[in-house]
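> Need a 3D model of the following:
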Amino acid sequence: MSKYLKLTIFLGLIVIALTGCDLFSSKLSSSERLEAFEDELNGSSRTTTVNHIHPDALGYSSINEAFWDGGPLSAANRPFDFSGVVLGAENNGIIIGTGIMTNNSGDQTINSIQFKESPVGSNDWYILSIMINGSEIFQ
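So this is what the prediction gives:
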């Protein structure tokens, strides 16, 4: 490898280090987290759905694949669509998003849905709670 190519690579790595660029970042914004959660709910497996939930959520340790088997977010109600979710401004480390959730539970049931999200670290948002039609799914 020529010395100029080595120097170019070295300088590129220094620029990345100095600018704080994270090439391997998997941080998700609040809206990206909700999209990823919706995709996960509509997927064939629920084993990693907990990866979208904030570790400080009450009942976090009990949220496993079986947790999603009943209730309004049951796999039997797929597909889900979180439409028109409006995210509020961040307030004390919390963003609240409200919108409509439709699912395939017979007659395309329409439900109001509210998400509370909080970051883990810097700008990596996770779902802290979900309410559907005023009932908490978890908090």
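
> In space, not sequence, find me the middle residue of this structure.
Central residue of the chain (Cα atoms, centre = their mean): residue 33, 2.5 Å from the mean position.

> Would you agree that one is in contact with residue 118?
No. Residue 33 is beyond contact range of residue 118, at 10.5 Å (criterion: Cβ atoms under 8 Å). To be clear about C-beta, it is placed using only N, CA and C from the backbone, and glycine gets the same treatment.

> residues shared between the contacts of these two?
125, 126 (Cβ atoms under 8 Å, 6 or more residues apart in numbering).

> Show me where the protein has its strands.
Taking DSSP state E, the strands of the chain run over residues 81-87, 95-102, 110-119, 125-132, 135-138.

> and the angle from the first one to strand 110-119?
Regarding strand 81-87 and strand 110-119, their directions subtend 50 degrees when assessed with axes from the mean of the first three to the mean of the last three Cα atoms, to 10 degrees.
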